[in-house]
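Peer 1: Sequence first, then the predicted structure, then my questions.
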Amino acid sequence: MRNVIVYSHDNSLERLIKRKRIIPYQINPGDKFIKGKWYYDTYYNSLFKVTEVKYNSGNILDYAITKSDEGYSSYITSPLSPYEDYIIDFDTKDIATMNIINSEKSFTGAEIRYWFFMNDINCFDPKYKYFWTYVDTYSNNKVADKQKYFLYAGLKNNVYTKCRVIKDINRTKRQLTIEEIQTINEYMKEQKEKDMHNTIKYHESLLMGNQLKKQNEI
């Protein structure tokens, strides 16, 4: 059990969540890049949006062109990794300021964990201590990121008791199983290095194209 909610090994993603109010969702094996969606890469500590993506006939990634939140473009060929990457939603509904318990609204596991994190709730908080097993990053009872849940509890002496987390069966997304979370770290490291090389080549080709365009205009 962890005392606090953990997203990354160096707290880089945690700082970004607080600053930009983003909600990270774990990647499932086989998930594809989606044009227009935002992602976070823990390897490079990078938040980026996919501006162009192409998969071949075998559903293998050919390439994705991305733009970071700082405006830097990259050309990547690495598939999404359940171990290193997240797909990102932004807190446009202002979930962080809601009271999600006994609200009669369902929330994804990622939104629930985000709410506890944004409100600085940890395992020592007496009011929410009986909910902790559902949001602790390393708990066997933790809520699944893409599953919807209702949160119910009684309130006695300012402590939530008889806590219940119930699946919203009408709004279910595919869940990540333990068996699915398998990655080959060395392979992903090689792919990341290739991505850096491809990004450099991509920018070189853009620069060369701009130079040729200027020469033709003279």
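Peer 2: Nice, I can see it.
Peer 1: May I see the buried residues of stretch 55-66?
Peer 2: Neighbour counts over stretch 55-66 (16 or more other CB atoms under 10 Å) mark 61, 63-66 as buried. C-betas here are computed from N, CA, C, even on glycine.
Peer 1: Next, the distance between the ends of it.
Peer 2: This stretch, stretch 55-66, spans 15 Å end to end (CA to CA, to the nearest Å).
Peer 1: which ones among the buried residues of stretch 55-66 are found in strands?
Peer 2: Members of the buried residues of stretch 55-66 lying in strands (criterion: DSSP state E): 61, 63-66.
Peer 1: Let me see the domain layout of this structure.
Peer 2: According to automatic domain parsing, the chain comprises the domains 1-6+95-174, 22-90+185-218.
Peer 1: ok, back up a step: same list, the buried residues of stretch 55-66, but as CSV with distance to Y152 and pLDDT please.
Peer 2: Formatted as CSV, these follow (distance: CB to CB, whole Å; pLDDT from 0 to 100):
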residue, distance to Y152, pLDDT
L61, 42, 95
Y63, 46, 95
A64, 41, 96
I65, 45, 96
T66, 40, 97
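Peer 1: Return the member of those residues nearest to Y7.
Peer 2: T66 (20.3 Å; CB to CB).
Peer 1: do you know how far the closest one is from Y114?
Peer 2: Here T66 is placed at a distance of 23 Å from Y114 (CB to CB, to the nearest Å).
Peer 1: Which parts of this protein are strands?
Peer 2: Using DSSP E, strands in the chain cover 22-26, 38-41, 46-55, 61-68, 73-76, 85-90, 107-108, 147-156, 159-172.
Peer 1: Confidence-wise, which of the ones you listed is weakest overall?
Peer 2: Here the strands of the chain differ in mean pLDDT, and the lowest is strand 159-172 at a mean of 87.
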